[in-house]
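> here is a sequence together with a model predicted from it:
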Amino acid sequence: MAQGYRYFEVIDQPHVIDDFIYQSPVVAIASRYPIVDMVAVKTNADLAETLGLANDFSFRRKVLRATIEVPHIGYCDCYVVHLKSKRSMIEVDEKNNNFSAEKTIIESLKAQVAGSWGSTIQRGSEATLLLIDMIERRETTGYPMVLMGDFNNSLTDGVLNHILTNTLRFVSTIDCNTYLAKYCLKDAWDLFAVTNEVTTADETLHKNIATRTPTHYFGGGSSVLDYILLSCEFDASYHDSLYQVSAYETYDRHLINPIFDRDGESSDHGIVLVTLTLRS
């Protein structure tokens, strides 16, 4: 409230293990502007079955859709996700006294291979069913779309790259460009880079834009797992857009230089921050 976020919604409830220890985190949204509707996105049972999934397939963590009344643009559908992690879905009882040391290692290896693939299937399927729901919602309402959260995966590999679909087979070029623009999403990072390439010749700025700050660190590596994706209303290159991405940054002080009193309850991910400016 102190920061001006008067409207707040949360979907589902976490599981309390003991006192202040929680399991199964949930997603929420805070807004400066009125939230006029909020629902948990449902999966399409028929489509899930067509994809070879169980017809009772569901998101591991419920997906929140909030319809927000945004100045100049009207109602906007904002989706918040936390897709399935890469953690193995299968756990091995390493305290099983019936296993030899070698057997325990072998069982752990099998669990890691099969369980990691199971998590990948879950994550990719969640993204697919959500995107289909978003397209159907857009077809009905025409509302602008924002998709944000922890995707637990890069959008550049084969598991989630369909979220940024930019081609359509067997359709004329004119129709393809028109409908892809209307129904597909773009990474706010890419929109920011394009906007600044057009509006500035500052080589230093170009160099800074070319390096994207990771949002997650594990071991000696880092990656971008958190994204804000936007529909064409926020794309400066789209002829009917009202907003453009004027700033993009990743807040990671709590990861790079943590102070316990300040950051003890912070996320283990960097926070993606985007500024949307009304086009003149």
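Arrived safely.
> may I ask which helix or strand of the protein has the lowest mean pLDDT?
Counting by mean pLDDT, DSSP states H and E, the chain has its least confident helix or strand at helix 203-209, which shows a mean of 51.
> list the contacts of the nearest residue to A28 once chain neighbours are set aside.
Nearest non-adjacent residue to A28, counting by C-beta to C-beta, 6 or more residues apart in numbering: V10, 3.9 Å away. For glycine as for every other residue, the C-beta is placed from the backbone atoms N, C-alpha and C. V10 makes contact with 26-29, 64, according to C-beta atoms under 8 Å, 6 or more residues apart in numbering.
> apply 10 Å and report the result again.
26-30, 38, 62, 64, 80 (C-beta atoms under 10 Å, 6 or more residues apart in numbering).
> narrow these to those that are buried.
Neighbour counting with 16 or more other C-beta atoms under 10 Å marks 26-27, 29, 38, 62, 64, 80 as buried within the contacts of V10.
> the residues you listed in strands, which ones?
29, 38, 64, 80 (DSSP state E).
> which two among these are spaced furthest apart?
M38 and V80 (10.1 Å; C-beta to C-beta).
> mind listing the shared neighbours of the two?
9-11, 29, 64-66.
> which one of the ones in strands among the buried ones among the contacts of V10 sits closest to Q3?
Lowest distance from Q3 to those (C-beta to C-beta) belongs to I29, with 13.9 Å.
> any idea how far V41 is from that closest one?
13 Å (C-beta to C-beta, to the nearest Å).
> what is in contact with those two at once?
With C-beta under 10 Å, 6+ apart as the test, I29 and V41 both reach 11, 64-65, 79-80.
> contacting residues around I256?
213, 217, 270.
> just those now: which is nearest D133?
Nearest member of those to D133, counting by C-beta to C-beta, is G270, at 27.5 Å.
> where in the stretch 51-200 of the chain is pLDDT low?
94, 96, 197-200 (pLDDT under 70).
> go with 90
Within the stretch 51-200 of the chain, the stretches with pLDDT under 90 are 55, 91-105, 157-158, 166-178, 193-200.
> where does C176 land in three-state SS?
Look at C176: counting by DSSP: H, G, I helix; E, B strand; the rest coil, its state is helix.
> quick one: secondary structure of the closest residue to it other than its chain neighbours?
For C176, the nearest residue in space outside its immediate sequence neighbours is L168; the separation is 4.5 Å by C-beta to C-beta, 6+ apart. Classification of L168 using three-state DSSP returns coil.
> distance check, L168 against D93.
Taking C-beta to C-beta, one finds L168 at 48 Å from D93.
> count the residues that sit near R253.
13 (other C-beta atoms under 10 Å).
> what's near enough to touch it?
R253 neighbours (C-beta under 10 Å, 6+ apart): 259, 262-263, 266, 270-271.
> hmm, the residue nearest to C176 is touching Y179, no?
Yes - assessed by C-beta atoms under 10 Å, L168 is found in contact with Y179 at 6.9 Å.
> let's verify Q112: helix, strand, or coil?
helix.
> gap between it and M89?
Taking C-beta to C-beta, one finds Q112 at 10 Å from M89.
> which ones among the contacts of I256 map onto strands?
The strands, defined by DSSP E, take in Y217 from the contacts of I256.
> which of the contacts of I256 are buried?
Of the contacts of I256, these count as buried by 16+ other C-beta under 10 Å: G270.
> and which of the contacts of I256 is nearest to N55?
For the contacts of I256, the nearest to N55 is G270 (37.1 Å; C-beta to C-beta).
> residues of stretch 97-109 that come out buried?
For stretch 97-109, using 16+ other C-beta under 10 Å, the buried residues are 99, 104, 107-108.
> can you list these in CSV and add distance to G52 and secondary structure?
As requested, these are exported to CSV (distance: C-beta to C-beta, whole Å; DSSP: H, G, I helix; E, B strand; the rest coil):
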residue, distance to G52, secondary structure
F99, 33, coil
T104, 32, helix
E107, 27, helix
S108, 27, helix
